[in-house]
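*Asks:* Compute the structure for the input listed below.
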Amino acid sequence: MEVVLSAAAGELVSRIFYFLRNKYSENACSGEKRVERLQQLLLRAHMVVEEADRRYITNSGMLLHLKILSRAMYNGYHAVDTYKCNQLIKEGSKEVTTTDSFASYLGTPLKRFRANGGISVHKVDNSCDLQDALVKLETLVSNMTEFVIFLSGCESMMVRRPYDTYLYVDNFMFGRQAEKQQVINFLLQHNPLGSPSVLPIIGGTLVGKKTLVKHVWNDEKVRSYYSSVLHINGDNFCTIDNERTSGRTIVVVTFVSDVDDEKWKSFYRAVTCISTETKIIIVSRMESLARYGTMEPIHLSRLQDEEYNYLFKTLAFGSAGAEDNPKLTLLAGEFIKLLGGSFVGAYSFAYTLRTDLSLQFWLSLLNLLKKAMKKNLSLYGENVYPFKQRYPIDLTDFLPSTAAPLHIMPPRTEAEVSERKLPKIRLKDILVNPSLRPRGEFDLVTWESRIPPYTEFCNHVTPCAQQQLKTTLRRKRDATICL
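*Replies:* Numbers count the residues shown, from 1 in each chain. Take a look at the predicted model:
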């Protein structure tokens, strides 16, 4: 009897093992087929989105379709990367006993610096479902025929697009296709009331409001239609020299705070005197200023997570391609989580990473960034994302142990930088070669935009920064005690 039970148990175990092995094999095969199908759809969708970016689209329904298609496309790219990274984690977890540094990295415990702190450790986002992305893109591509037909009837732009995607992302404004078309359409329409039309562009800090306006001004059709563009600061927007400004003009006024209605009326009358075909664009973070618009405002927010993923990886890998570097693709996801959606952070760190596509360099820089953020988290009790900070932050961990402390102040404005001429050094250079650090005070250039208006993003570094850091912490601690 015992022999029979033993044989039956052995047979049962072997059948269960056989079933699970086949089931795993089927799932893996099914996943690979979905990835292959999704990549085919992504190729078709990308061709259409690129072509749409070279056309003047005046139909609002087509612009909405373009925005939906773009989001589905970036979601598809993210789904493919997530699937491949998950496969890599599964394979890497079996190799943690080896001496490979990447396998050891995967084998470290999955934990957070602090509960709900938002800084994760090599944990791939599983919320992105491969099947869901496939179904969405398949539906859009299958219903794309009418869109492509209408698109072929749209006028082409005079723009030369580089062959490599990363060169395009480097030198042209990434995304915002629909918003760019909306601004162009606004500028090329006749003013219906015989007086200047007003378009508010509202958005948070560093989301690309001024870049969008400058990008539109570089369009050949817009430049041939208007004689000039006038940029006005909100602090003195009432003063317009009508004698030096004539013809069709784009007036771009930037506000950092709300304005009085009477002052606005006076400004509007002055602009009307230039030309009835003049257009006004309001650039601001203040939602209340949308009340002055004669058109629906354009709202700019930070990029969707999937768009930001695509942007960072395209910049970081350059012509090498993420598909040829699966381990680095996984690490790129970690940088993305730590940078908190910052445009400046994406460009700055991606350029640095692109100088050396070795696993050791990427791991080293990632660990330094985590260490610095962990230190600043312990100082302030909240995550202080690089280049989006409100406080002085400590980046000393990026330098050799013998180097002087590196505390950077919140970003300086262009006016502040031009007022005080200090030595400048790019963040990429100081990370790669810390010995290049200037003595005394200097401006740390975290990013130089390669597209108009060619903005430089600078943080002030001073020997007094450490004392200012202590002062900030003391004030924060006193405020907590008062509460």
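*Asks:* what are the ranges of the helices in the stretch 251-400 of the chain?
*Replies:* Taking DSSP state H, counting those that start in this stretch to define them, one finds helices in the stretch 251-400 of the chain at 261-274, 305-317, 326-339, 343-354, 359-380.
*Asks:* what's the angle from the longest one to helix 343-354?
*Replies:* Direction vectors for helix 359-380 and helix 343-354, defined by axes from the mean of the first three to the mean of the last three CA atoms, to 10 degrees, enclose an angle of 150 degrees.
*Asks:* thinking again about what came up before, now render the helices of the stretch 251-400 of the chain as JSON lines, adding distance to residue 430.
*Replies:* Quick note: C-beta positions are derived from backbone N, CA and C, even for glycine. Listed next are those as JSON lines, based on distance: least, CB to CB, whole Å:
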{"stretch": "helix 261-274", "distance to residue 430": "44"}
{"stretch": "helix 305-317", "distance to residue 430": "19"}
{"stretch": "helix 326-339", "distance to residue 430": "18"}
{"stretch": "helix 343-354", "distance to residue 430": "10"}
{"stretch": "helix 359-380", "distance to residue 430": "12"}
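*Asks:* Nearest to residue 83, out of those?
*Replies:* helix 326-339 (11.1 Å; CB to CB).
*Asks:* Restrict that closest one to CA atoms and write it as PDB.
*Replies:* Only the C-alpha atoms of helix 326-339 are listed here, as PDB (Å, rounded to 0.1, in the frame of the first residue of the first chain):
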ATOM      1  CA  PRO A 326      18.400  46.000 -21.800                       C
ATOM      2  CA  LYS A 327      20.300  46.300 -18.500                       C
ATOM      3  CA  LEU A 328      20.800  50.000 -18.900                       C
ATOM      4  CA  THR A 329      17.100  50.400 -19.900                       C
ATOM      5  CA  LEU A 330      16.200  49.000 -16.400                       C
ATOM      6  CA  LEU A 331      18.600  51.500 -14.800                       C
ATOM      7  CA  ALA A 332      17.100  54.300 -16.900                       C
ATOM      8  CA  GLY A 333      13.800  53.600 -15.300                       C
ATOM      9  CA  GLU A 334      15.300  54.200 -11.900                       C
ATOM     10  CA  PHE A 335      16.700  57.600 -12.900                       C
ATOM     11  CA  ILE A 336      13.200  58.500 -14.300                       C
ATOM     12  CA  LYS A 337      11.600  57.800 -10.900                       C
ATOM     13  CA  LEU A 338      14.200  59.900  -9.000                       C
ATOM     14  CA  LEU A 339      14.000  62.900 -11.300                       C
END
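*Asks:* averaged over its residues, what pLDDT does that helix have?
*Replies:* On average, the pLDDT along helix 326-339 is 88.
*Asks:* If you count neighbours, what's buried in it?
*Replies:* For helix 326-339, the neighbour count (16 or more other CB atoms under 10 Å) marks 327-339 as buried.
*Asks:* same thing with stretch 279-299?
*Replies:* Buried, per 16+ other CB under 10 Å, within stretch 279-299: 279-284, 289-290, 292-294, 297-298.
*Asks:* Endpoint to endpoint, it covers what distance?
*Replies:* 18 Å (CA to CA, to the nearest Å).
*Asks:* Among the buried residues of stretch 279-299, which one lies nearest to residue 428?
*Replies:* residue 283 (28.9 Å).
*Asks:* For that closest one, give its distance to residue 220.
*Replies:* Distance, residue 283 to residue 220, by CB to CB, to the nearest Å: 23 Å.
*Asks:* Residue 131 too?
*Replies:* From residue 131 over to residue 220 (counting by CB to CB), the distance is 43 Å.
*Asks:* before we move on, what about residue 260?
*Replies:* From residue 260 over to residue 220 (counting by CB to CB), the distance is 38 Å.
*Asks:* what does stretch 190-198 rub up against?
*Replies:* Residues outside stretch 190-198 that contact it (CB atoms under 8 Å, 6 or more residues apart in numbering): 186, 189, 251, 268, 271-272, 276-282, 292-295.
*Asks:* Quick check: mean pLDDT of it?
*Replies:* Mean predicted lDDT for stretch 190-198 stands at 83.
*Asks:* Same check on stretch 66-74?
*Replies:* 93.
*Asks:* swap in stretch 424-443?
*Replies:* Stretch 424-443 comes out at a mean pLDDT of 81.
*Asks:* residues contacting residue 445?
*Replies:* By CB under 8 Å, 6+ apart, the contact list for residue 445 reads 424, 425, 426, 427, 456, 457, 458.
*Asks:* now do 10 Å
*Replies:* By CB atoms under 10 Å, 6 or more residues apart in numbering, the residues touching residue 445 are 348, 417, 424-430, 456-459.
*Asks:* Excluding chain neighbours, give the residue nearest to residue 234 in space.
*Replies:* Nearest non-adjacent residue to residue 234, counting by CB to CB, 6 or more residues apart in numbering: residue 255, 3.7 Å away.
*Asks:* give the contact list for that neighbour.
*Replies:* 200, 232-235, 237, 264, 282-286, 288-289, 292.
*Asks:* out of the contacts of stretch 190-198, which are inside strands?
*Replies:* If you go by DSSP state E, those have 251, 279, 280, 281, 282 in strands.
*Asks:* Tabulate those (CSV), appending distance to residue 195 and pLDDT.
*Replies:* Compiled in CSV, those are given as follows (distance: CB to CB, whole Å; pLDDT from 0 to 100):
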residue, distance to residue 195, pLDDT
251, 13, 91
279, 11, 92
280, 10, 93
281, 15, 95
282, 16, 94
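*Asks:* so where's the stretch 201-350 of the chain shaky on pLDDT?
*Replies:* For the stretch 201-350 of the chain, the stretches with pLDDT under 70 are 241-246.
*Asks:* Go again with 80.
*Replies:* 234-247, 274-276, 319-324 (pLDDT under 80).
*Asks:* swap in the stretch 51-200 of the chain?
*Replies:* Short version for the stretch 51-200 of the chain, where the test is pLDDT under 80: 88-129, 158-173, 192-194.
*Asks:* now the strands for it?
*Replies:* 197-203 (DSSP state E, counting those that start in this stretch).
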